[in-house]
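Student: Starting from these lines, generate the structure:
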Amino acid sequence: MFISLVITTVGVVISFSGYAAHAYIYNRIVREVDRTFTQGIRSSVVRALGTLPSPLIFGWVIDKFCTVWRVSDDGVTGNCWLYDIDRLLLWFTLLQVAMRVVSSGFYLLCWQTWDSEDEKPDSKIASAAEKLEYKKIKDTIENDKHQKKDALNEDALNEDGTICDNVKI
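Tutor: Numbers count the residues shown, from 1 in each chain. Okay, here's the model as predicted:
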């Protein structure tokens, strides 16, 4: 019983610690204008895939390890009166571990297929024309910075190349 409690507690901690990582991953792979929509779709899919099959799977496991069923006088099977607790806890733990392995496999798949070009700030822009325009603006800003820096350096120097005392850099 104690081992099951420890394993379940560790599983819950790992499960809840993933929420921040999920949000970060989804925010990194989606354009900024689509983030709200993506969060809504992700939430809907998670709720649908998490709330529909899970009770069916865990209910099947619970029913599988029932050792004594209640049977009414007319022969109708009712609820379970006695479970094989050791095997039930083992199967619950194995099922949780298996689901986490599958989830980790999907994260590994996402990581392997992630394009490193997506990490650049200008990759969040949708079209090639927008990327080109963004690059032109970025280059213009960089050129202006260098020109101002060069002008400042020229103004800050005396004729002999030493820095003027009254110029603030």
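Student: so how far is Val45 from the one residue sitting closest to the centre of the chain?
Tutor: What sits nearest the mean C-alpha location of the chain, by Cα atoms, centre = their mean, is His22, with 2.0 Å. Note on His22: its distance to Val45, by Cβ to Cβ, to the nearest Å, is 12 Å. No exception for glycine: its C-beta is placed from N, CA and C like everyone else's.
Student: what do you get for Trp60?
Tutor: For Trp60, the distance to Val45 equals 23 Å [Cβ to Cβ].
Student: and if you look at Asp144?
Tutor: According to Cβ to Cβ, Asp144 and Val45 sit 46 Å apart.
Student: List the residues that contact the residue nearest to the centre of the chain.
Tutor: His22 makes contacts with Arg42, as judged by Cβ atoms under 8 Å, 6 or more residues apart in numbering.
Student: Beyond the helix or strand where it lies, next helix or strand please.
Tutor: Assigned by DSSP states H and E, His22 falls within helix 2-29. Following helix 2-29 in sequence order, the next helix or strand is helix 35-51 (DSSP H and E).
Student: Extract the C-alpha trace of that next one and format it as PDB.
Tutor: What follows is helix 35-51, C-alpha atoms only, in PDB (Å, rounded to 0.1, in the frame of the first residue of the first chain):
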ATOM      1  CA  ARG A  35      -1.900  31.400 -29.600                       C
ATOM      2  CA  THR A  36      -5.300  32.100 -28.100                       C
ATOM      3  CA  PHE A  37      -7.100  29.900 -30.700                       C
ATOM      4  CA  THR A  38      -4.500  27.200 -30.300                       C
ATOM      5  CA  GLN A  39      -4.900  27.200 -26.500                       C
ATOM      6  CA  GLY A  40      -8.600  26.700 -26.800                       C
ATOM      7  CA  ILE A  41      -8.300  23.900 -29.300                       C
ATOM      8  CA  ARG A  42      -5.600  22.200 -27.200                       C
ATOM      9  CA  SER A  43      -7.700  22.500 -24.100                       C
ATOM     10  CA  SER A  44     -10.700  21.000 -26.000                       C
ATOM     11  CA  VAL A  45      -8.700  18.100 -27.400                       C
ATOM     12  CA  VAL A  46      -7.100  17.300 -24.000                       C
ATOM     13  CA  ARG A  47     -10.400  17.300 -22.300                       C
ATOM     14  CA  ALA A  48     -12.000  15.200 -25.000                       C
ATOM     15  CA  LEU A  49      -9.200  12.600 -25.100                       C
ATOM     16  CA  GLY A  50      -8.700  12.700 -21.300                       C
ATOM     17  CA  THR A  51     -12.300  12.600 -20.100                       C
END
